[in-house]
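Engineer: sequence below, structure please.
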Amino acid sequence: MANGYRDSHNYFAFQPFNESSTYAVELVRVLDDGQRVPVANGRWEGYDWNELIDWGPLRSPWHQRHAFSGVDAVLDFLDNALNWVADNTPGDTETLYFEATVTYYRNARGPYVTVIRSHERDLGDP
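Structural biologist: Prediction:
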């Protein structure tokens with residue numbers, strides 16, 4: 001239990017008040033040629049972010065959202081979500097990897113910016 005706050009999800013860590021943090025994500029697809037294509041409103045190549053990631057805290061992350069479990073947990077979940085999307089969008093044959101630029105305020109302090117990217121996808125031979 002002494003290590004509760006070292007984990008990004010704070011399992012077994014008592015916190016009497018929720019973290020009052022917010023975040024917003026700019027999501028882009030990075031193509032094989034390096035071109036960066038914004039994922040406008042979470043839609044691309046017939047896919048919809050909110051249908052793929054049907055979990056409340058990560059729905060429509062391009063709008064400012066409350067990080068109800070804390071920023072560290074949101075960043076961890078977003079990292080996993082980007083990799084899951086990279087692995088589960090076979091109809092998208094152009095995206096090499098997904099990148100999320102996250103702007104967040106931790107307990108009204110900030111803004112802070114961090115970049116998270118999925119693993120690179122195997123696009124096969126052109």
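Engineer: chain center to the top helix by length along the chain: distance?
Structural biologist: When the chain is parsed with DSSP state H, its longest helix is helix 71-87. Centre-to-centre, helix 71-87 and its host chain are 5 Å apart (CA atoms, centre = their mean, to the nearest Å).
Engineer: next helix or strand past it?
Structural biologist: Sequence-wise, the next helix or strand downstream of helix 71-87 (DSSP states H and E) is strand 95-106.
Engineer: which elements pack onto the helix or strand of the chain with the lowest mean pLDDT?
Structural biologist: Using mean pLDDT, DSSP states H and E, the weakest-scoring helix or strand in the chain turns out to be strand 65-66, at a mean of 92. Applying 3 or more CB pairs under 8 Å, 6 or more residues apart in numbering; DSSP states H and E, one finds that strand 65-66 contacts strand 22-31. The way it works is simple: take the backbone N, C-alpha and C, and place the C-beta from them, glycine included.
Engineer: next, the angle from the strand it packs on to helix 71-87.
Structural biologist: 20 degrees (axes from the mean of the first three to the mean of the last three CA atoms, to 10 degrees).
Engineer: what angle separates strand 22-31 from strand 95-106?
Structural biologist: 160 degrees.
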